[in-house]
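A.B. asks: Starting from these lines, generate the structure:
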Amino acid sequence: MSELYENRELSWLRFNERVLEEAEDKRNPLCERLTFMSIYQTNLDEFFMVRVGSLHDQMLLEDDPKENKTNMTASEQMEAIRERVRVLGERKDQSYHKLMKEVEKKGLKLVNFSDLNEQESAFLRGFFEREIQPLLSPFTVSKKRPFPFIKNKEICATALLETKGGKSRFGVVPCNNGMFSRLIAIPDRKGTYMLAEELILHFLPEVFAGYTISCKSLVRVTRNADIDADKVYDEELNYRDHMAEVIKLRRKLEPVRLEYTRDIDKKIIKNIADFFSIDKDMIFRTDAPLDMSFVFEFQDELRHDKTLFFDKRIPQKSPEIDESKPLIPQIIEKDKFLSYPYENIRPFLNMLHEAANDPDVVSIKMTLYRLAKHSKVVEALVEAAENGKEVDVLVELKARFDEENNIGWSRMLENAGCHVIYGLDGLKVHSKLCLITMKKGKDVKYVTQIGTGNYNESTARLYTDLCVMTADERIGAEAARVFHALSLGEVMKRTEHLLVAPKCLQNKVIDKIDREIQIAQDGGEGYIGVKINSLTDKKIIDKLIEASQAGVKIEMVIRGICCLHPGVKGKTDNIRIISIVGRYLEHSRIYIFGKGEREEMYIASADFMTRNTVRRVEVATPLYDPDIRNRVREFFQLQMSDNVKARELKKDGSYKYVPHKAPLINSQEISFDQAYKALETN
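C.D. replies: Numbering: from 1, shown residues only. Predicted coordinates for the structure are as follows:
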């Protein structure tokens, strides 16, 4: 059965390879390709911090556990990851240098000292001595001088030093302390720069005067960030203060990867491995800069040339919503729907502000996972609380890498008079759920919003997500039960309309697949359509395999990880899977079961990953409005027809571009065209 499954970590590396392909794709404008190159690097950083960090912890266990699909041990997975990362690293270096040659033709260039004349070198020496050296904190390491703590992803210049007496030392200079610019302009050569870390590395003999430098390199360490906040819970602290301590603890976790930039002898590699207490197999050489964030400064200098960027696209007004009138009465009349980034998030924000000031609104309840830095959502909730509304907010403090942000928002909400809770023991709350309760006389009415993406105005311009706003009493009543359970620290054990993890999503999805299996076995047309970010849940995977064998047609759009191999004869040959990686991050989740009158359609916060289906609180809502169902169905079919940004997953686990045949269908661009035209014709 191994031919049917893909290892999760290796599948993720295939996803990041698709990101790298976007950096290489000359159909993309040059500056956008630079963005994809930077995304590739930041993605890989997080992969090492989280996934490799988790495997690193597993390897410390006595039994070296196996994962449940390919039966690879943690050690075997780590070895496969190292091999794949080295191959991808070489490709990334080559792609980077090709990209920079194209950037150079546009008037921008990164140089090193071999590219400079004597006068320019003299200028940089003076600049280093005046502007940089006084701000450096160099260290030498010996028995009496322990190795300094190096921050996660911090670039350091390192050198193997020798004293006049022949003793060896190791020298370290942190390079990105924030006190000087990383890009240093070369005078009289417009658009020519040197990276600050390259300048520091060159002048290490000045920094470590009195030593002989036998070899030197830039290095960057990646630390494990996989920490179980509940496992290290400190009962002496309240939960918010505990999470603040967890963040501090994460910063000091052990290194899991080290990168370096120069050919250096094995002795210094061994020294580096010893000093950082890191496996020498987790040390990687790169020919590209250790941090690609400088490309955004290059982009700023090229803004005048519009051909180097994607055409500007602006989220449009929804033709179904009259923004000049109150929104809540419009929702009561008919369900409303938004598709980001093609339509603007503003109607949802207007709804919150409207609820904050509506005398009939008695309460607003929301689950918050990730928010914008300057959150208009929080502004509306604060406004509601100050207006005397009951505002109950679940702020998930375990939203990885957003913990500090969420701690700050939770304090602001509490100070405004909101009732704030922080999730459930052992479970993250990842749902995107908002419930507005209105009372007029004896009548109680609900307006419920359920979405696939975070309440984040910034990412709503970059991620594809879906949002439904409804006054359906069935949905509202179950949403009220969800919030009641959360307030008691409990989970939903039974639902009729919503799918709510961890108890009422995976099992219900499997039941719906079973229904399609039975339909196919009875000679009918079984159908399943799914759009998600990742597929790793083995129970659901095995049920999809069973459905394929029964003759159910299965279409899936899976952007990232996919642990199922489609197209295996007699087993998964009724399954077609594509991945769309393009200008916008595909983030929406859609579940479709059946066709015609039997069709059931949902939008959801949950991927088909075990962490979502049984270890988080997630919510999927049925779409009962026929117009919204038509829109979502057309959107899904358009994605399945993409032949520009879509890659099809093959039975060997590889991805191949869908053949670019006329007419060319770029689903993201067409979706934006449709949003513009819908507003024009309305």
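
A.B. asks: contacts, neighbours, all on C-alpha from now
C.D. replies: Fine.

A.B. asks: which stretches of this protein have low pLDDT?
C.D. replies: Counting by pLDDT under 70, the low-confidence segments of the chain come to 1, 62, 143-147, 227-252, 399-402, 682.

A.B. asks: for it, longest helix please?
C.D. replies: For the chain, the longest helix by residue count, based on DSSP state H, is helix 74-105.

A.B. asks: so what secondary structure elements neighbour it?
C.D. replies: helix 8-24, helix 30-47, helix 53-59 (3 or more CA pairs under 8 Å, 6 or more residues apart in numbering; DSSP states H and E).

A.B. asks: quick one: contacts of the second one?
C.D. replies: Think helix 30-47. With contact meaning CA atoms under 8 Å, 6 or more residues apart in numbering, helix 30-47 is reached by 16-17, 19-20, 22-25, 96, 99, 102-103, 222, 291-293, 295-296, 299, 308-310.

A.B. asks: Buried members of the residues you listed into ChimeraX, please.
C.D. replies: Remark: buried members of those, expressed as a ChimeraX selection using 16 or more other CA atoms under 10 Å:
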select :16,17,19,20,22,23,24,96,99,103,222,292,293,295,299,308,309
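
A.B. asks: A646 is in contact with R559, isn't it?
C.D. replies: No: judged on CA atoms under 8 Å, A646 makes no contact with R559 at a distance of 9.4 Å.

A.B. asks: which residues are common contacts for these two?
C.D. replies: Joint contacts of A646 and R559 (CA under 8 Å, 6+ apart) are I578, S579, I580, V581.

A.B. asks: top of those residues by neighbour count?
C.D. replies: S579 (30 neighbours; other CA atoms under 10 Å).

A.B. asks: Okay, angle between the helix or strand hosting that one and helix 8-24 too, please.
C.D. replies: Per DSSP states H and E: S579 is located in strand 575-580. With axes from the mean of the first three to the mean of the last three CA atoms, to 10 degrees defining the directions, strand 575-580 sits at 50 degrees from helix 8-24.

A.B. asks: Just give me how far strand 575-580 sits from the chain centre.
C.D. replies: 20 Å (CA atoms, centre = their mean, to the nearest Å).

A.B. asks: And the next helix or strand past it?
C.D. replies: Downstream of strand 575-580, the next assigned helix or strand under DSSP H and E is strand 585-586.

A.B. asks: Surely Y422 is in contact with N406?
C.D. replies: No: contact criterion CA under 8 Å: Y422 and N406 do not qualify, at 10.0 Å.

A.B. asks: what is in contact with the two at once?
C.D. replies: V395, E396, L397.

A.B. asks: ok, of those, which one's closest to A196?
C.D. replies: The shortest separation between A196 and any of the shared contacts of Y422 and N406 is 35.8 Å, and it belongs to L397 (by CA to CA).

A.B. asks: Who's the closest spatial neighbour of the closest one, skipping the chain neighbours?
C.D. replies: Once flanking residues are discounted, L397 sits nearest to E403: 5.2 Å by CA to CA, 6 or more residues apart in numbering.

A.B. asks: Is there a neighbour count for that neighbour? I'd like the number.
C.D. replies: By other CA under 10 Å, 21 other residues sit near E403.
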